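[1] here is a sequence together with a model predicted from it:
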Amino acid sequence: MDQKNLRDWEARCTQEEPPKCKARCPLHVDGREFCRLLAAGQIDKAWAVLCKTMPFPAITARICDGDCQNDCLRSQKGGGIELAAMERFVAENAKRSPMLRALPPKGKNIAVFGAFLPGLAAAWDLGKKGFTVILFCEDKLQGLESLPAERVSNEVIDKELAQLGKMNVSFAEHGKPDPQTIMAACESFDAVFVDPLAYNSTQLGIIEVDPGTLQTSIDFLFAAPDASGKSSIELLAIGRKGALSIERKLQKASLTAGRDREDPFETRLFTNISKVEAVPPVNVPA
């Protein structure tokens, strides 16, 4: 068999395809592995699955709205798995968190404008990868004040934001930055990411934005279109997308290669559930 035919056959293999919940999650959390560990009573290991994928896991796990529940195959057999509720349970009951390790400093300075969920996620990912980040905002809590207090306490928020200090991320709380300041930052920083809830690309007067990378027509400036109406997890994914694009840009790597499955996608994995018994979900306690 020649190499072309071999690659064609490999491309048809579905054994390594993710389950629907992971494929459809904007952050691609491994819901199947999470459920397997939690079913085995391994709460700390289940928590580690979330920490591996989520920015600000103690916050994100508590605000996830569980969109993947509609994609769960169990939704066709009585009701989808209540993954969001289980994430909150694990966030509340895990006894040990994986150690947060940021990569050594890369000597590159990034400006992030806006401390809403996209900006915070971008700062988190860039800081973990060794970039020095300054997050310009009115107030470092501006994007977290609207979170449901019954799920996310001030103590949890303070602890998660404190993690940024371990990753060379600092806040510059000097009022709302204006578009002129943002454009000027392109000259003094190695790259700039603009939180769309602070300023979307239209408000910045930018017409051209690559939706797959958030690269604008201004080199090293990354921004997004209007993000109103997006879920919390979708907003975090916007910040992650911008952070990955900045990393690639500064490494002089392709901004587009291998990113066809970065957004939610349809998996090719097939699971026959014709013989699976329909079972109603257990009601989630108040």
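    In hand now; what should we look at? Residues are numbered from 1 along each chain as shown.
[2] helices along this structure, start to end?
    3-12, 20-24, 31-39, 43-53, 57-63, 83-93, 117-128, 154-164, 179-188, 232-250 (DSSP state H).
[3] could you point out which of the ones you listed sits nearest Gln76?
    With C-beta to C-beta as the measure, helix 20-24 is the member of the helices of the chain nearest Gln76 (10.7 Å). Placement of C-beta: from N, CA and C, glycine included.
[4] got the contact list for Leu144?
    Leu144 is in contact with Ile59, Leu120, Val152, Ile157, counting by C-beta atoms under 8 Å, 6 or more residues apart in numbering.
[5] rerun that using 6 Å as the cut-off
    Contact partners of Leu144, counting by C-beta atoms under 6 Å, 6 or more residues apart in numbering, are Ile157.
[6] local confidence estimate at it?
    Predicted confidence (pLDDT) at Leu144: the value is 91.
[7] same check on the one 10 residues further on?
    The pLDDT attached to Asn154 in the predicted structure is 93.
[8] how much space between it and Leu117?
    The spacing between Asn154 and Leu117, counted by C-beta to C-beta, to the nearest Å, is 17 Å.
[9] check Gln3 too.
    Gln3 sits at a distance of 44 Å from Leu117 (criterion: C-beta to C-beta).
[10] give me the more crowded residue out of these two.
    Neighbour totals were compared for Gln3 and Leu117, and Leu117 leads with 31 against 7 (other C-beta atoms under 10 Å).
[11] please tell me how far that one sits from Arg240.
    10 Å.
[12] anything in contact with each of the two?
    By C-beta under 6 Å, 6+ apart, no residue touches both Leu117 and Arg240.
[13] tally of neighbours for the nearest residue to Glu138 once chain neighbours are set aside?
    Using C-beta to C-beta, 6 or more residues apart in numbering and skipping residues adjacent in sequence, the residue nearest Glu138 is Lys176, 4.9 Å away. For Lys176, the count of nearby residues is 14 (other C-beta under 10 Å).
[14] and for the one 4 residues further on?
    Residues contacting Gln180 under the criterion other C-beta under 10 Å number 8.
[15] any idea which helix or strand in this structure has the lowest mean pLDDT?
    helix 3-12 (a mean of 63; mean pLDDT, DSSP states H and E).
[16] please name the nearest non-neighbouring residue to the residue nearest the centre of the chain.
    Nearest to the mean C-alpha position of the chain, by C-alpha atoms, centre = their mean, lies Ala237 at 3.8 Å. Leaving aside its chain neighbours, Ala237 sits nearest to Pro26 (3.7 Å; criterion: C-beta to C-beta, 6+ apart).
[17] please apply the same query to Leu141.
    Here the residue nearest Leu141, using C-beta to C-beta, 6+ apart, is Ile157, at 7.1 Å.
[18] could you measure from the one you found over to Ala85?
    Ile157 is 21 Å from Ala85, by C-beta to C-beta.
[19] okay but Phe189 is in contact with Asn109, surely?
    Yes. Using C-beta atoms under 6 Å, Phe189 is in contact with Asn109, at 5.2 Å.
[20] count of neighbours near Lys45?
    That count, for Lys45 with other C-beta under 10 Å as the rule, works out to 18.
[21] is it correct that it is in contact with Leu38?
    No. Using C-beta under 6 Å, Lys45 makes no contact with Leu38, being 8.7 Å away.
[22] give me the below-cutoff pLDDT ranges for the stretch 1-150 of the chain.
    1, 6-15 (pLDDT under 70).
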